[in-house]
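K.L.:
Could you work out the structure for the sequence below:
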Amino acid sequence: MQRRRPEEWAISYRHTQPGYFILAVCVAIGALGAANIWRTGPMPVILMLITLLPIAAVFHSLTVEVDDTELRWYFGPGFWTYRLARDEIRKVAVVRNHWRSGFGIRMRPGFRLYNVSGLDAVELQLKSGDIRRIGTDDPKGLAAALQSTPRGG
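P.N.:
A predicted model of the protein is given here:
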């Protein structure tokens with residue numbers, strides 16, 4: 001199958017969710033680190049910022065796109081994009097994650113989670129038996145886009 005260029009995608013759904021939780025955690029850790037400067041000096045804070053800034057840059061948002069043939073999602077600026085052919089999806093369901101499932105890219109018992117904020121997600125049961133959950137603040141919209149009949153399909 002020949003890979004299409006982004007400008008050739010006929011996107012029927014696109015939504016970006018801000019990663020408020022991850023950004024809040026990064027800000028809180030940064031504030032604690034700044035307070036720590038008074039006790040230990042700047043070096044530990046510099047090392048902490050070297051770690052926090054890339055995390056905040058990558059996980060500041062999650063964008064999900066659906067077109068006629070595939071589902072794509074990526075964090076932040078899109079350093080890497082996850083792709084899933086729509087014909088590989090057997091079942092779509094709106095679910096609510098437990099807070100212990102976490103945020104970011106997580107392997108949980110029974111499923112893989114991609115999430116930046118909130119507990120709502122769309123669960124995708126794949127023909128292979130794998131389960132993916134994509135966190136979103138628009139679970140009904142994403143589920144409807146995935147359940148719609150692709151044009152020409």
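K.L.:
Please count neighbours and contacts with C-alpha atoms only from this point.
P.N.:
OK.
K.L.:
Quickly list the domain ranges of this structure.
P.N.:
13-17+61-147, 19-58 (automatic domain parsing).
K.L.:
So what would you say the end-to-end distance of the first one is?
P.N.:
Across domain 13-17+61-147, the straight-line distance between its terminal residues is 12 Å, by Cα to Cα, to the nearest Å.
K.L.:
The last one now?
P.N.:
From its first residue to its last, domain 19-58 covers 10 Å (Cα to Cα).
K.L.:
for the chain, what spans make up the strands?
P.N.:
13-18, 61-66, 70-75, 82-85, 89-96, 104-108, 111-115, 120-126, 131-135 (DSSP state E).
K.L.:
ok, and what's touching the longest one?
P.N.:
Translated: strand 89-96. Residues outside strand 89-96 that contact it (Cα atoms under 8 Å, 6 or more residues apart in numbering): 119-127, 139-140, 143, 146-147.
K.L.:
Show the buried residues in these.
P.N.:
Buried members of these, counted by 16 or more other Cα atoms under 10 Å: Leu119, Asp120, Ala121, Val122, Glu123, Leu124, Gln125, Leu126, Pro139, Lys140, Ala143, Leu146.
K.L.:
Just say which of the domains of the chain is most tucked in.
P.N.:
domain 13-17+61-147 (a mean of 18; mean count of other Cα atoms under 10 Å).
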